[in-house]
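**Q** 3D, please:
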Amino acid sequence: MSDIIDTITTLIEDNALLFAFALVGLVMLVGGWIGRTLTRGHVAGSAVAILLGLVLAYLGGLQSGGDKGLADLSLFSGLALMGGSMLRDFAIVATAYGVDVRELKKAGPAGVISLIFGMVVSFVVGAGVALAFGYNDAESLATIGAGAATYIVGPVTGTAVGASSEVIALSVAVGLVKSMLAMIAAPLVARWIGLDNPKSAMAFGGLLGTTSGVTGGLAAIDKRLVPYGAVTSSLYTGLGCLLGPSVFYFLFRALFG
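**A** I've put the predicted structure just below:
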């Protein structure tokens, strides 16, 4: 029996990335089932899957004592590559290729305005919450404000301005909460805000920015809207990575020293 277990373990470790895809697929399958049955479709399966992933990462971190969750365990080492920036960026670009350029042009000024407005509001609200909890230095304010934009912009900004690891971790947590809320709220409010066409999907992506939250929420409404939300939310992420460590950081530094 032990020989069989050793053989299976060796096989999984030798095909770590393939096993990572299978594991994530299983989590998504379970999350989708929970979303459809236990919540009767009111909560997107993607949001449930993210929550399950966070729980598994926490349990993996407790077991290994590391800082990469399940990826610290040799059996799940493929998750480190699968969850890395390379495949993430590839997925974002691949999704964006589904856009019809004719529909993209229809966004016009609304797309640009949504990007700017969404970015400013996220940074200001994030920094305001940070101030309320006693963070008053420019590095922390810029980093947590960037996390309120997306959980990708937060670490990028924090690393660039020299924020502490604790603050960077908080920025990631803020971004993940925002992502999950976007997934859950989008299907619930779609009828009231007219989120049923490519133009509104692009404005939605520009206002919220969080690519995973926007695409997950739009997928629960209409999968055909996903590429349009992904375009502006991806631009939002890139814009945040540029403005966070520069314009917003120096603004907070001028205001709070």
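**Q** next structured bit after the helix or strand hosting residue 23?
**A** Using DSSP states H and E, residue 23 sits within helix 16-33. Downstream of helix 16-33, the first helix or strand assigned by DSSP H and E is helix 45-64.
**Q** hang on, the earlier thing: which outside residues touch the helix holding residue 23?
**A** Residues from elsewhere that reach helix 16-33 (Cβ atoms under 8 Å, 6 or more residues apart in numbering): 12, 45-53, 56, 75-79, 81-82. Backbone N, C-alpha and C define where each C-beta goes, glycine included.
**Q** show the buried residues in those residues.
**A** 12, 45-53, 56, 76-79, 82 (16 or more other Cβ atoms under 10 Å).
**Q** confidence-wise, which helix or strand of the chain is lowest on average?
**A** helix 85-96 (a mean of 61; mean pLDDT, DSSP states H and E).
**Q** and after that helix, which helix or strand comes next?
**A** That would be, after helix 85-96 and using DSSP H and E, helix 101-132.
**Q** quick one: mean pLDDT for that following helix?
**A** Helix 101-132 shows a mean pLDDT of 80.
**Q** how about the helix or strand following it as PDB, C-alpha atoms only?
**A** Following helix 101-132 in sequence order, the next helix or strand is helix 138-149 (DSSP H and E). What follows is helix 138-149, C-alpha atoms only, in PDB (Å, rounded to 0.1, in the frame of the first residue of the first chain):
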ATOM      1  CA  ALA A 138       2.400  58.300   2.600                       C
ATOM      2  CA  GLU A 139       3.800  54.800   1.900                       C
ATOM      3  CA  SER A 140       0.900  53.000   3.800                       C
ATOM      4  CA  LEU A 141      -1.800  55.300   2.400                       C
ATOM      5  CA  ALA A 142      -0.600  54.800  -1.200                       C
ATOM      6  CA  THR A 143      -0.300  51.100  -0.800                       C
ATOM      7  CA  ILE A 144      -3.600  50.400   0.800                       C
ATOM      8  CA  GLY A 145      -5.300  52.900  -1.600                       C
ATOM      9  CA  ALA A 146      -3.700  50.900  -4.400                       C
ATOM     10  CA  GLY A 147      -5.000  47.700  -2.900                       C
ATOM     11  CA  ALA A 148      -8.500  49.200  -3.000                       C
ATOM     12  CA  ALA A 149      -7.900  49.600  -6.700                       C
END
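**Q** so, low pLDDT: which residues of the protein?
**A** Applying pLDDT under 70 to the chain picks out residues 1-3, 41-42, 44, 66-68, 83-107, 257.
**Q** fine, thanks again, bye for now.
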